[in-house]
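Engineer: Below are the sequence and a predicted model; questions follow.
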Number of protein chains: 2
Amino acid sequence: MTVKEKQTEEKIFEAATDVFIRKGKDGARMKEIADLAGINKALLHYYFRTKERLFNAVFEQIAEVMLRKLAPVFDEKLPLEEKIRFFFREHIAFLQQNPGLPGFILNEVNRNPERIRKLMDNINPGALWSTLIEKHSEEMKNYNITENRLPQIMTSMAAMSIFPFAARSVLEVMFEKAGVDFNTYTEERKEFAADFVIKALKK
Amino acid sequence: MTVKEKQTEEKIFEAATDVFIRKGKDGARMKEIADLAGINKALLHYYFRTKERLFNAVFEQIAEVMLRKLAPVFDEKLPLEEKIRFFFREHIAFLQQNPGLPGFILNEVNRNPERIRKLMDNINPGALWSTLIEKHSEEMKNYNITENRLPQIMTSMAAMSIFPFAARSVLEVMFEKAGVDFNTYTEERKEFAADFVIKALKK
DNA sequence: GTCTATAGAAGGATAGAC
DNA sequence: GTCTATCCTTCTATAGAC
């Protein structure tokens, strides 16, 4: 009973995740999700009531996974440079496995900013950044990192790793014509981005 | 006659642009476009036949504007550093006026990569980059810029200016809690991004 | 819990009058 | 060229049998 439920619900959830990421909330069709899950449309409603609820469940799980993937960066006890390298290595590796997530999240959040507001309720970026500064106060002397520059710096790091995936199809077409392979590019990017940022920040 | 036509078609086109950018192709409703244009649904079909055609017209115009905005960067006869500063100043200024465009374009292109393929038919990035290198061959000696690094470098520059707008709602919520104003941030970004990139590239 | 059948609503598109 | 009325398809959602 519960086992069977879990199996079906799980299948639906996975199919929904797939379809929502590819088609977006508005473009997704309950029928396609049902087909992909190998079950009937009516079952979707049995388990999740409405498309809206199903989407919310999927979105929240994805957002949570992404946030959880970022947390270690702030916790790890590493020298600053190693932390930057660690971030790009881990984050880009994650995106290589989930290349569709950035575009999905950014789009759905832009269409409905309330989603991100709910997610961020427990997080105060300002406080997070302050403790980051304190942790590395000694090292900081060698870098152009000050609290008032942190918004620019943090968004630049996010941009360096996330943008290539959010703009994936554009880059793929451009690279194709220039004889560059996207996978090779992302693999090289782990080190390039780290070097780039460290060089830019060093005094 | 032609004047009236132009007026109405123009009104429809502008309304469609607005709605498509805010809601996306799938989320947009012909009714909403008609209302915003102050006319009747049937007129939309009279002028543009189908939603698909109306969307294509809007998309192509927007994409063309964006590409046209980038071209000068390659043409301008400026020293390399000035060119980089010129790019961020101009490009971010354009995005400040059109903050919704990056998210719109990236999303619609991801959903239908054929769109970008058509757009890029006349452009060979590889060739573009080669001439860029040749133009600045002397200056290059002072920078870590080589042809094989250009994909990484160019995408990093694009990322630095485009990402904040593509992720605008996320940043706005984060900044809000950290007491940072998004408009101030984008204004400062013109110079920050230029300094950041130049520093990262200098030998 | 899962299916078939269908209700009910919405949205794109067209016919036809003016 | 513009409007009203309406068709027709598609999609979400539910009823009801098993």
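Structural biologist: Noted; the coordinates are in hand. Numbers count the residues shown, from 1 in each chain, chains lettered A, B, ... in the order given.

Engineer: mind giving me the domain split of chain A?
Structural biologist: Domain assignment for chain A by automatic domain parsing gives A:1-49, A:60-202.

Engineer: To DNA strand C, which of the ones you listed lies closest?
Structural biologist: Across the domains of chain A, DNA strand C has its closest neighbour in domain A:1-49 (3.3 Å, Cβ to the nearest atom of the strand). All C-beta atoms are positioned from the backbone trio N, CA, C, and that covers glycine.

Engineer: Please name the nearest non-neighbouring residue to residue A:87.
Structural biologist: Among residues not flanking residue A:87 along the chain, residue A:73 sits closest, at 4.8 Å (Cβ to Cβ, 6 or more residues apart in numbering or on different chains).

Engineer: in which helix or strand would I find the one you found?
Structural biologist: Per DSSP states H and E: residue A:73 is located in helix A:51-75.

Engineer: Distance from the helix or strand that that helix is followed by to the middle of the chain?
Structural biologist: Toward the C-terminal end, the helix or strand that comes next after helix A:51-75 (DSSP H and E) is helix A:80-97. The chain centre lies 12 Å from the centre of helix A:80-97; the measure is Cα atoms, centre = their mean, to the nearest Å.

Engineer: re earlier: closest to DNA strand D out of the domains of chain A?
Structural biologist: Of the domains of chain A, nearest to DNA strand D by Cβ to the nearest atom of the strand is domain A:1-49, at 3.3 Å.

Engineer: Quick one: mean pLDDT for the closest one?
Structural biologist: For domain A:1-49, mean pLDDT rounds to 94.

Engineer: do stretch A:191-200 as well
Structural biologist: 98.

Engineer: now swap in stretch A:52-62 and tell me
Structural biologist: 98.

Engineer: Please tabulate the domains of chain A in JSON lines and include distance to residue B:102 and mean neighbour count as additional columns.
Structural biologist: What follows is those, written out as JSON lines (distance: least, Cβ to Cβ, whole Å; neighbours: other Cβ atoms under 10 Å in any protein chain shown):
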{"stretch": "domain A:1-49", "distance to residue B:102": "16", "mean neighbour count": "16"}
{"stretch": "domain A:60-202", "distance to residue B:102": "9", "mean neighbour count": "17"}
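
Engineer: Of all those domains, which one is nearest residue B:199?
Structural biologist: Nearest to residue B:199, of all those, is domain A:60-202, at 4.6 Å by Cβ to Cβ.

Engineer: picking that back up, measure the residue nearest to residue A:87 to residue B:181 for me?
Structural biologist: Using Cβ to Cβ, to the nearest Å, residue A:73 is found at 25 Å from residue B:181.

Engineer: Give the next helix or strand downstream of the helix or strand hosting residue A:130.
Structural biologist: Counting by DSSP H and E, the element that carries residue A:130 is helix A:125-135. Once the chain leaves helix A:125-135, the next helix or strand it forms, by DSSP H and E, is helix A:150-166.

Engineer: so that next one versus helix A:125-135, what angle?
Structural biologist: Angle of helix A:150-166 versus helix A:125-135, following axes from the mean of the first three to the mean of the last three Cα atoms, to 10 degrees, is 110 degrees.
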